[in-house]
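*Asks:* Sharing a model prediction with you, sequence too.
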Amino acid sequence: MSHPYISTRADGPEHTLWFETRPRYLAGGGDPRHITQALRAASWKNHSDPDYPHVILTSPDHRHTVALEPETSSYTAWWRIQAHGDHGHWYTQFGGNTPVEILAGLTDALLKPVPRTAPEIWGPLTEAGWSYERDEHGNESARHPGTILSLERRAVESGTGLWRADADLPNGLGGHERIWHAYFDDRMPPHLIAAFTHALARDEPVQRRHYDVPHSHLVTQEHGPHGEQLAAAHETRLKTVRATARKTHRTALAAQKPPAPATTTAAPARSR
């Protein structure tokens, strides 16, 4: 999309010079359409107010809601995801500097069938070189080798826990400066948290504008693909999402169908 009189961030990627940015977890939020357009491709409904700078999307079955509401500070909660209904209630939130490519690990998992076995949550991180600790109280934590990035689960008396992911910089005064954060409700299905940790452990570069990152001195940027290539890759992503959503819908319908009644075959009559 382009505008005749003004250039905006909503313009297509063809109008921008892109740079491969590493590490991805310090690359800033990126283009939210990586998530919002994927959800809409999966038939999520847009409930946004066109006169207010936010995006509110709900899943076709009304079980999940994704809200993007930019705040004055990028360190506060911009993204909020909730589950409602008989299948459970849970909540999670992410700061504005959370890379959309990492957050999409979770939102993409919302579009897929629930796996029969819960995937490993900590494994992807330790395999990527993160350290892992568990204390006598059941608290668990993992830390990236660079020490900026961490994930922890704090156990509480009820037997549940609270998850938190942080990207923090030491401020030289014994404290830390937050780059981005994420909170997870312990009632979240484990496969969703695992989807996030899988995305968190990946090290592929992401595409950003030059110096369009919260801390340019912490990243390296090299010339990346042309905007036309990124536009084509995004369209391929949307096609994949549509196919996945259709498959998930068919699987859900098949699970709701009652089993076919058993048929009995009459035994042949014996002749005298």
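*Replies:* On my side now, so go ahead.
*Asks:* CA atoms for contacts and neighbours, from now on please.
*Replies:* Noted.
*Asks:* I'd guessed Gly129 sits against Gly146; true?
*Replies:* No: in terms of CA atoms under 8 Å, Gly129 does not count as a neighbour of Gly146; the distance is 10.0 Å.
*Asks:* More neighbours: which of those two?
*Replies:* Gly129 (13 against 8; other CA atoms under 10 Å).
*Asks:* And the more buried one, how far from Ile102?
*Replies:* 18 Å (CA to CA, to the nearest Å).
*Asks:* And for Pro119?
*Replies:* Taking CA to CA as the criterion, Pro119 is separated from Ile102 by 17 Å.
*Asks:* residues in contact with the nearest residue to Glu69 once chain neighbours are set aside?
*Replies:* Taking CA to CA, 6 or more residues apart in numbering as the measure, Glu69 lies nearest to His54, with 4.7 Å between them; neighbours along the chain are not counted. Neighbour list for His54: Ser48, Ala67, Leu68, Glu69, Pro70 [criterion: CA atoms under 8 Å, 6 or more residues apart in numbering].
*Asks:* does the last one sit in a helix, a strand or a coil?
*Replies:* If I follow you right, that is Pro70. Classification of Pro70 by DSSP: H, G, I helix; E, B strand; the rest coil places it in coil.
*Asks:* thinking it is in contact with Phe94, fair?
*Replies:* No: with contacts counted by CA under 8 Å, Pro70 stays clear of Phe94, the gap being 11.0 Å.
*Asks:* more neighbours, these two?
*Replies:* When Pro70 is set against Phe94 and neighbours are counted by other CA under 10 Å, the residue ahead is Phe94, at 25 against 16.
*Asks:* Wasn't the more buried one part of a helix?
*Replies:* No: checked against three-state DSSP, Phe94 lies outside a helix; its state is strand.
*Asks:* what bridges to it?
*Replies:* Here Phe94 shows beta-bridge partners Trp79, Ala182, assigned using DSSP bridges.
*Asks:* what do Pro70 and Phe94 both touch?
*Replies:* Any residue near both Pro70 and Phe94 by CA under 8 Å, 6+ apart counts here, and that gives Trp78.
*Asks:* contacting residues around Asp49?
*Replies:* Neighbour list for Asp49: Val55 [criterion: CA under 8 Å, 6+ apart].
*Asks:* And it, its phi and psi?
*Replies:* For Asp49, the backbone dihedrals (degrees, to the nearest 10) come out as phi -90, psi 120.
*Asks:* Mind pulling up the pLDDT for it?
*Replies:* pLDDT, the model's per-residue confidence, is 93 for Asp49.
*Asks:* So it versus Val55, what's the distance?
*Replies:* 8 Å.
*Asks:* Quick check, Ala201 in contact with Ala128.
*Replies:* Yes: contact between Ala201 and Ala128 holds when scored by CA under 8 Å: they sit 6.1 Å apart.
*Asks:* Could you check which of the two has the larger neighbour count?
*Replies:* Neighbour tally, Ala201 and Ala128, criterion other CA under 10 Å: the higher count belongs to Ala201, 20 against 15.
*Asks:* Not counting sequence-adjacent ones, nearest residue to the more buried one?
*Replies:* Nearest in space to Ala201, with sequence neighbours left out and distances taken as CA to CA, 6+ apart, is Leu125 at 5.3 Å.
*Asks:* now the end-to-end length of stretch 21-38.
*Replies:* 22 Å.
*Asks:* for the helix or strand in which Leu200 is found, packing partners?
*Replies:* With elements taken from DSSP states H and E, the one containing Leu200 is helix 190-201. Under the contact criterion of 3 or more CA pairs under 8 Å, 6 or more residues apart in numbering; DSSP states H and E, the helices and strands touching helix 190-201 comprise helix 100-109, helix 123-127.
*Asks:* which of these sits most buried?
*Replies:* Here the criterion is mean neighbour count by mean count of other CA atoms under 10 Å, and of those the winner is helix 100-109, at a mean of 21.
*Asks:* and it with helix 190-201, angle?
*Replies:* 160 degrees (axes from the mean of the first three to the mean of the last three CA atoms, to 10 degrees).
*Asks:* Not counting helix 100-109 itself, show me its contacts.
*Replies:* 25, 29-32, 34-35, 38-39, 191-193, 195-196, 198-200, 206.
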